[in-house]
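1. The sequence and its predicted three-dimensional model are supplied below.
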Amino acid sequence: MSASSETAALRSTGSSVRVRAAWLEVVAGPDAGRRARVDRPVFVVGKGEGCDLRLRDTTVSREHLRLGLSPVGIVVTDGGSKNGTLCGALRIAQVTLTADATLVLGATTLAVRLDTGETELELSDKDRFGEAFGVSPAMRNVFALLERAAPSEAPVLLEGESGVGKEVLVRAVHAHSRRSDGPFIAIDCGAIPASLIESELFGHERGAFTGAERPREGVFQQAHGGTLFLDEIGELSLDLQPKLLRALETGEVRPVGGRARAVDVRVVAATNRRLGEAVHRGEFRIDLFYRLAVLRVVVPPLRDRREDIVPLALSFLRRTTRDDGAELPPDFAALLSSYAWPGNVRELRNVIDRYALFGAANPQRLFDPEPARASTPDAELFDVPFHEAKQTLVDRFERAYLTHALKTTGGVVTKAVERTGIARPTMYRMLNRLGLGKSSEEEG
Ligand SMILES: Nc1ncnc2c1ncn2[C@@H]1O[C@H](COP(=O)(O)OP(=O)(O)OP(=O)(O)O)[C@@H](O)[C@H]1O
């Protein structure tokens with residue numbers, strides 16, 4: 001069962017649904033003692049960078065399992081992991097927990113403790129927030145949280161992979177705030193050289209440093225009366241973090257070489273790392289984290305909200321072609337639904353733009369090229385036991401190879417079997433294990 005069906009039980013309900021949230025506690029394994037709260041529609045456990053609970057256990061897969069809140073209980077789905085997930089003595093593909101349970105993944109044991117009472121999981125009754133569109137419970141939960149936060153002055157922190165729509169959501173927060181007539185200023189903290197970032201943020205006085213021939217306003221002053229979007233906040237160096245914290249706490253900024261002055265700015269930040277993890281590793285100050293994350297919203301990747309793919313594709317298509325009746329051929333829609341979307345909504349939008357130009361006769365041409373990989377493996381793999389590191393690389397290769405094969409054959413597995421020479425049962429097993437979803441052929 002796919003991640004989207006994990007949350008399907010939420011879809012039919014009104015603007016909120018009562019669920020039992022839970023605490024996860026690592027009771028054995030390298031991360032013993034860590035706890036995490038499961039209180040949103042999708043929660044991922046694994047050793048990958050983007051996981052909600054990131055484990056150091058090398059025998060755990062990158063996205064090992066997903067937990068989803070539903071009115072009937074917590075739906076636990078194994079993400080096609082190599083070593084599997086045990087619930088008690090049973091190896092599970094998917095199970096719904098209605099009481100406390102113990103899950104074993106690799107060398108890690110997780111206790112799941114369900115709350116005794118129910119929690120209201122807010123779901124917007126709209127499928128749009130500003131320019132952001134989405135029908136999945138996961139996105140309607142994001143919309144509901146942001147609709148409520150927008151009119152307040154509270155800082156908001158958005159976390160999510162590149163291309164999931166963080167910036168569209170931040171713009172919508174500004175548009176729905178009391179500051180909507182004021183400026184919206186965005187700065188990418190990861191794209192500015194370390195030597196310039198302080199002056200970009202807070203400005204500088206004339207002569208503050210070599211080359212500062214004129215005084216210059218920083219983004220805080222430019223955003224006065226409006227909203228300041230600090231993108232890639234996780235990239236801000238440790239030495240600048242206290243200065244940012246001071247500005248947020250006092251409402252004053254000090255330009256380089258100048259005196260403090262008051263600014264009236266609402267800050268919304270985004271990051272494609274898990275900032276809590278960076279705090280854990282000592283790379284991000286905990287006081288600044290709490291200051292920025294008065295409301296913390298995780299925007300899930302597109303692969304965890306598959307029911308958004310086709311509606312988003314249609315909305316992009318209709319906008320691009322200016323034809324409200326434009327439709328997608330069923331085969332092509334099935335191919336889009338089964339693809340992993342590493343570039344998230346941005347990639348989907350690119351694919352639809354190309355489809356509008358070229359049609360789907362040659363689907364291979366429509367997808368973004370795989371990012372070029374260096375021929376040496378990621379440095380992180382050198383810290384992992386050899387067999388585990390090798391398996392990670394093999395998994396990556398198999399995923400890229402099969403994704404390409406399916407793209408080439410328009411998602412038809414029989415053709416992919418012929419083309420690749422992989423035996424049919426093996427092909428299905430691999431697709432299953434890699435979480436590459438069902439093809440149109442299987443569904444038909
Ligand atoms: N829910 C959505 N509805 C409509 N368009 C979306 C949605 N999510 C993303 N997009 C579109 O996808 C593209 C990427 O979105 P955006 O720039 O907001 O992503 P991001 O998460 O901020 O990415 P990055 O971290 O790389 O900056 C934009 O063209 C945006 O309009």
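-> Right, received. Where do you want to start? Numbering: from 1, shown residues only.
2. how close does Arg266 sit to the ligand?
-> From Arg266 across to the ligand, the span is 18 Å (C-beta to the nearest ligand atom, to the nearest Å). Placement of C-beta: from N, CA and C, glycine included.
3. check contacts around the nearest residue to that residue once chain neighbours are set aside.
-> Spatial nearest neighbour of Arg266, excluding adjacent residues (C-beta to C-beta, 6 or more residues apart in numbering): Thr227 at 5.0 Å. Under the criterion of C-beta atoms under 8 Å, 6 or more residues apart in numbering, the neighbours of Thr227 are 170, 173-174, 177, 179, 182-185, 265-268.
4. give me that answer again for 7 Å
-> 174, 177, 179, 184, 266, 268 (C-beta atoms under 7 Å, 6 or more residues apart in numbering).
5. same thing with Leu314?
-> The contact partners of Leu314, by C-beta under 7 Å, 6+ apart, come to Leu328.
6. Report the secondary structure state of it.
-> Of the three states, Leu314 takes helix under DSSP: H, G, I helix; E, B strand; the rest coil.
7. before we move on, the earlier item: for the residue nearest to Arg266, give its distance to Phe386.
-> 49 Å (C-beta to C-beta, to the nearest Å).
8. before we move on, what about Arg20?
-> Taking C-beta to C-beta, one finds Arg20 at 42 Å from Phe386.
9. what's the answer for Leu245, then?
-> 43 Å.
10. Which residue of the two possesses the greater neighbour count?
-> Per other C-beta atoms under 10 Å, whichever of Leu245 and Phe386 has more neighbours is Leu245, with 17 against 9.
11. Mind checking if stretch 235-250 is in reach of the ligand?
-> No: contact of stretch 235-250 with the ligand is not found when judged by C-beta under 6 Å from any ligand atom; the minimum separation is 11.4 Å.
12. Validate this expectation: Asn357 resides in a helix.
-> Small correction: residue 357 is Leu, not Asn. Yes: read with three-state DSSP, Leu357 is one of the residues of a helix.
13. which residues does it contact?
-> Contacts of Leu357 (C-beta under 7 Å, 6+ apart): none.
14. What score does it have for pLDDT?
-> Here, the pLDDT recorded for Leu357 equals 89.
15. Next: the one 10 residues further on.
-> The predicted local confidence for Phe367 comes out at a pLDDT of 82.
16. quick one on the thing from earlier: return the subset of the contacts of Thr227 lying in helices.
-> Among the contacts of Thr227, the ones falling in helices (DSSP state H) are His174.
17. where are the low-confidence patches of the stretch 151-300 of the chain?
-> Scanning the stretch 151-300 of the chain for pLDDT under 70 picks out nothing.
18. and it, which of its residues are near the ligand?
-> Looking at the ligand, the residues of the stretch 151-300 of the chain close enough under C-beta under 6 Å from any ligand atom are 160, 162-168, 272.
19. Which one of these is nearest to the ligand?
-> For these, the closest approach to the ligand (C-beta to the nearest ligand atom) belongs to Gly165, at 2.4 Å.
20. Tell me the spacing between that closest one and Arg171.
-> In terms of C-beta to C-beta, Gly165 sits 10 Å off from Arg171.
21. Who has more neighbours out of the two?
-> Neighbours per residue (other C-beta under 10 Å) separate Gly165 from Arg171, with Gly165 holding more: 24 against 18.
22. Restricted to strands, list the residues of the stretch 151-300 of the chain next to the ligand.
-> Using DSSP state E, the subset of those located in strands is empty.
23. Please identify which pair of those lies farthest apart.
-> Pairwise distances across those peak at 14.4 Å for Val168 and Asn272 (criterion: C-beta to C-beta).
24. For the contacts of Thr227, give me TSV that also has distance to Ala400.
-> Output for these, formatted as TSV (distance: C-beta to C-beta, whole Å):
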residue	distance to Ala400
His174	38
Ser177	42
Arg179	44
Phe184	38
Arg266	42
Val268	35
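25. Where neighbours are concerned, which of the contacts of Thr227 has the most?
-> Most surrounded of the contacts of Thr227: other C-beta under 10 Å gives Val268, at 30 neighbours.
26. So that residue sits against Arg171, correct?
-> No: the pair Val268 and Arg171 fails to qualify as a contact (C-beta atoms under 7 Å) at a distance of 9.4 Å.
27. Compute the distance between the residue minimising distance to the centre of the chain and Pro215, please.
-> Nearest residue to the geometric centre of the chain (C-alpha atoms, centre = their mean): Gly160, 3.0 Å. Going from Gly160 to Pro215 by C-beta to C-beta gives 37 Å.
28. count of neighbours near the closest residue in space to Leu335 that isn't next to it in sequence?
-> Leaving out its chain neighbours, the residue that sits closest to Leu335 by C-beta to C-beta, 6+ apart is Gly411, at 4.0 Å. The tally of other residues near Gly411 (other C-beta under 10 Å) stands at 26.
29. Then Ala400?
-> For Ala400, the count of nearby residues is 14 (other C-beta under 10 Å).
30. Quick check: it vs the ligand, distance?
-> Applying C-beta to the nearest ligand atom, the value for Ala400 to the ligand is 21 Å.
31. you'd agree Leu275 is up against Arg285?
-> No: if you go by C-beta under 7 Å, Leu275 and Arg285 don't touch, sitting 10.4 Å apart.
32. higher neighbour count, those two?
-> Neighbour count, other C-beta under 10 Å: between Leu275 and Arg285, Leu275 has more, with 21 against 17.
33. Ramachandran angles for that one?
-> Torsion angles at Leu275 (phi, psi; degrees, to the nearest 10) stand at phi -70, psi -30.
34. hey, C-alpha coordinates of stretch 400-409 in CSV?
-> Presented in CSV, the C-alpha positions along stretch 400-409 are these (Å, rounded to 0.1, in the frame of the first residue of the first chain):
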residue,chain,number,x,y,z
ALA,A,400,18.0,5.1,-11.3
TYR,A,401,18.1,2.2,-13.8
LEU,A,402,14.6,1.0,-13.2
THR,A,403,13.1,4.5,-13.1
HIS,A,404,14.8,5.2,-16.5
ALA,A,405,13.6,1.8,-17.9
LEU,A,406,10.0,2.6,-16.8
LYS,A,407,10.2,6.1,-18.2
THR,A,408,11.3,4.7,-21.5
THR,A,409,8.5,2.2,-21.7
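35. Having no further points to raise, I will conclude here.
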